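J.: okay, here's the prediction I keep looking at, along with the sequence it came from:
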Amino acid sequence: MAIPQSFIQDLLARADVVEIVGRSVQLKKTGANFAGLCPFHAEKSPSFTVSPSKQFYHCFGCGKNGNAISFLMEHAGMGFVEAVKDLAGQYGLEVPEDDTSPQERERAAQQRQKQATLSDVLEKAGPAYRKHLKGSPRAIAYFKGRGVSGEIAKAFGLGYAPEGWRSLASVFPDYDDPLLAESGLVIVNEEDDKRYDRFRDRVMFPIRNVKGECIGFGGRVLGDEKPKYLNSPETPVFSKGRELYGLYEARNHLREFGYVLVTEGYMDVVALAQLGFPNAVATLGTACTPEHVHKLFRFTDSVVFSFDGDAAGRRAARKALEGALPYATDVRTVKFLFLPPEHDPDSFIREHGRDEFQRYVRQAVPLSVFLVEAASADCDMATAEGRSRMLAAAHPLWMLLPDGALKRQLFTEIAERSQVGSRELAGLWRLPRSEGRSRPKAEQRAYGAGVRQPVKPKTVAFAETIARLVLRHSKAWELLTGPDHEVLCGLQPPLGDLFSWIDATSHEHGGQPWAALQAGMEGQPFAARAGALMDYDASQPLRGAVEDIDTTERDVRLSILEIHLDLAASAIEEAGRLPQSDPARHERLLALSRRQQQLMQQKRELRS
């Protein structure tokens with residue numbers, strides 16, 4: 001989906017990054033900015049600052065910075081389009097979808113409304129299950145027997161669904177409401193249209209999306225009934241192939257631990273959090289999919305899959321391998337942890353301790369090793385037939401890898417293990433001799449293109465001061481006159497192009513904060529220069545106020561006066577080189593001298 005850049009720019013101008021960040025970070029006013037503990041790395045003293053004037057955040061500890069959209073992507077793990085839609089929804093805006101028909105847009109709007117409604121229904125069921133847990137000694141005994149504390153139970157919103165067939169009728173007076181069936185809370189018998197609760201006599205695990213919204217439930221029986229585990233069915237808000245249990249609760253801990261541990265069940269996640277590993281998540285009764293892996297890599301660059309060491313665990317690991325390969329870039333780490341067959345993570349830690357489990361994690365099998373092992377399984381590598389079979393199994397796995405150093409090294413290793421050789425293997429797999437290269441994008445048109453007159457370094461320095469002031473808040477552009485705009489837009493690139501773009505966007509959008517301007521100029525030749533100018537702010541200490549970067553009329557007017565004076569001096573020098581016999585020489589010099597004196601007088605008045 002292509003979202004118009006102009007919409008993103010307007011959205012960032014309307015959004016309040018202090019409000020967005022403040023929902024996740026406790027912020028305190030410090031001068032013109034707000035400060036707090038960085039949500040992206042562990043720290044004891046605040047180095048994370050949010051600027052309401054620039055609508056930008058920056059951490060002086062880890063270097064993370066960005067706008068309201070990037071915060072939702074980095075902190076909540078959303079994709080770009082998802083973050084834009086979420087932010088737009090918070091401010092009552094509809095994201096334009098130029099490539100869709102009115103009918104498709106209407107269907108999408110109805111789908112969003114249905115999702116919001118179903119989430120409301122599920123959110124209402126959660127407190128009821130938690131209340132029932134307090135009144136059930138059996139359910140409390142089960143959790144206590146698994147070592148789950150009240151604090152952990154509260155963090156994960158654990159509950160209990162009582163034995164009655166229609167317990168939810170006390171929560172939803174209109175038990176016949178179709179939304180109860182659509183949300184998966186109620187089952188409707190097709191033969192007699194009778195309704196009853198899906199979850200009965202089970203301890204309950206709310207399943208939340210990355211925004212913390214309840215999208216479904218998992219339930220575990222207290223006895224030996226079947227099925228032992230039961231999840232909500234597929235609904236417009238819940239898909240087992242995309243969601244991971246515990247990701248919402250673990251998201252902040254992933255940065256502290258440096259990796260995510262993927263387990264096989266939600267009780268594993270809860271138990272691990274209790275035992276000091278709050279960085280665990282679980283698939284929901286299904287094999288790990290590429291969508292799962294993609295979502296995890298939004299939060300961390302290191303994934304460790306944990307499986308039982310038996311045949312079933314190996315099969316599950318093979319599925320996880322296939323899901324991870326498309327995202328195994330050179331800067332990411334994927335490992336596979338195989339515990340002894342008699343243990344799951346919970347029992348292993350209780351018997352052997354946290355340190356031993358941590359050692360197992362460190363020694364987990366790297367993806368590169370497991371790929372070769374998986375391809376070689378059941379292959380007699382001492383025979384030509386076995387090695388050929390290994391190559392046939394390795395080819396589709398290797399092809400899933402993105403291009404990079406890892407893929408090339410694995411190709412060499414597979415060739416050596418097969419005793420075929422790299423050149424022969426490339427021929428067998430019919431690989432191209434050289435990778436095709438995509439053509440560079442067409443260079444975008446530079447604003448204010450045209451012949452420019454060279455200017456002195458002094459003029460460039462004052463122009464950069466004006467650019468910095470205007471980029472901090474583009475309403476400062478309105479403090480300048482038409483002739484001022486003409487002079488600035490006529491400067492040599494990239495500054496002249498930058499000012500021409502500011503002039504155009506100011507007419508179209510009005511004054512906007514830096515976050516919105518930065519989004520709007522993405523891809524322009526002058527974007528890097530603008531970013532370098534704004535890095536001046538980020539280089540300052542957290543509480544070190546820098547007066548000369550405040551957007552004030554005095555600063556802007558003094559700087560533009562200095563530029564006009566510099567240009568006037570250059571014009572006088574040029575006029576002085578005219579022949580003495582030229583009748584226009586004297587008039588030109590006289591007019592320029594008067595202009596220079598007027599500018600000097602304005603400068604003295606501003607400085608007084």
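T.: The structure has been received and is ready for your questions.
J.: only C-alpha atoms from now on, for both contacts and neighbour counts.
T.: Will do.
J.: what are the ranges of the helices in the stretch 151-300 of the chain?
T.: Using DSSP state H, counting those that start in this stretch, the helices assigned to the stretch 151-300 of the chain run over residues 178-182, 247-257, 266-274, 290-296.
J.: output the third one as CSV, restricted to C-alpha atoms.
T.: When you say that, I think you mean helix 266-274. This file holds the C-alpha atoms of helix 266-274, laid out as CSV (Å, rounded to 0.1, in the frame of the first residue of the first chain):
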residue,chain,number,x,y,z
TYR,A,266,1.8,-20.4,26.9
MET,A,267,2.5,-22.1,30.2
ASP,A,268,6.2,-22.2,29.2
VAL,A,269,6.1,-18.4,28.7
VAL,A,270,4.5,-17.8,32.1
ALA,A,271,6.8,-20.2,33.9
LEU,A,272,9.9,-18.7,32.3
ALA,A,273,8.8,-15.2,33.3
GLN,A,274,8.4,-16.4,36.9
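J.: which strands and helices lie in contact with it?
T.: For helix 266-274, the packing partners by 3 or more C-alpha pairs under 8 Å, 6 or more residues apart in numbering; DSSP states H and E come out as helix 150-156, strand 280-282, helix 345-352.
J.: repeat that for 6 Å
T.: Applying 3 or more C-alpha pairs under 6 Å, 6 or more residues apart in numbering; DSSP states H and E, one finds that helix 266-274 contacts strand 280-282.
J.: chain center to the strand it packs on, what's the gap?
T.: Between the centre of strand 280-282 and the centre of its chain there are 19 Å (C-alpha atoms, centre = their mean, to the nearest Å).
J.: residues making contact with that strand?
T.: Defining contact as C-alpha atoms under 6 Å, 6 or more residues apart in numbering, one finds that strand 280-282 is touched by 244-247, 260-266, 269.
J.: do stretch 287-295 as well
T.: By C-alpha under 6 Å, 6+ apart, the surrounding residues in contact with stretch 287-295 are 242, 320, 323-324.
J.: any buried residues in it, and which?
T.: 287-290, 292-295 (16 or more other C-alpha atoms under 10 Å).
J.: please apply the same query to stretch 86-100.
T.: So stretch 86-100, judged by 16+ other C-alpha under 10 Å, has buried residues 86-88, 95.
J.: in TSV, list the residues you listed along with distance to residue 74.
T.: As requested, these are exported to TSV (distance: C-alpha to C-alpha, whole Å):
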residue	distance to residue 74
86	14
87	14
88	17
95	21
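J.: coming back round to it: pLDDT-wise, what's the bottom of the contacts of stretch 287-295?
T.: Among those, residue 242 carries the lowest pLDDT, at 89.
J.: neighbours of that one, just the number please.
T.: Look at residue 242: counted by other C-alpha atoms under 10 Å, it has 17 neighbours.
J.: which one of the buried residues of stretch 86-100 is nearest residue 161?
T.: Among those, residue 86 lies closest to residue 161 (C-alpha to C-alpha), at 32.1 Å.
J.: a helix runs through that closest one, doesn't it?
T.: Yes - counting by DSSP: H, G, I helix; E, B strand; the rest coil, residue 86 is located in a helix.
J.: and it, how close does it get to residue 231?
T.: Separation of residue 86 from residue 231 (C-alpha to C-alpha, to the nearest Å): 27 Å.
J.: then residue 90?
T.: Where residue 231 is concerned, residue 90 sits at a distance of 30 Å (C-alpha to C-alpha).
J.: tell me the buried residues in stretch 196-213?
T.: Those would be 196-210, 213, for stretch 196-213 by 16+ other C-alpha under 10 Å.
J.: tell me the phi and psi of residue 66?
T.: In terms of degrees, to the nearest 10, the main-chain angles of residue 66 are phi 160, psi -160.
J.: okay, now it: neighbour count?
T.: 18.
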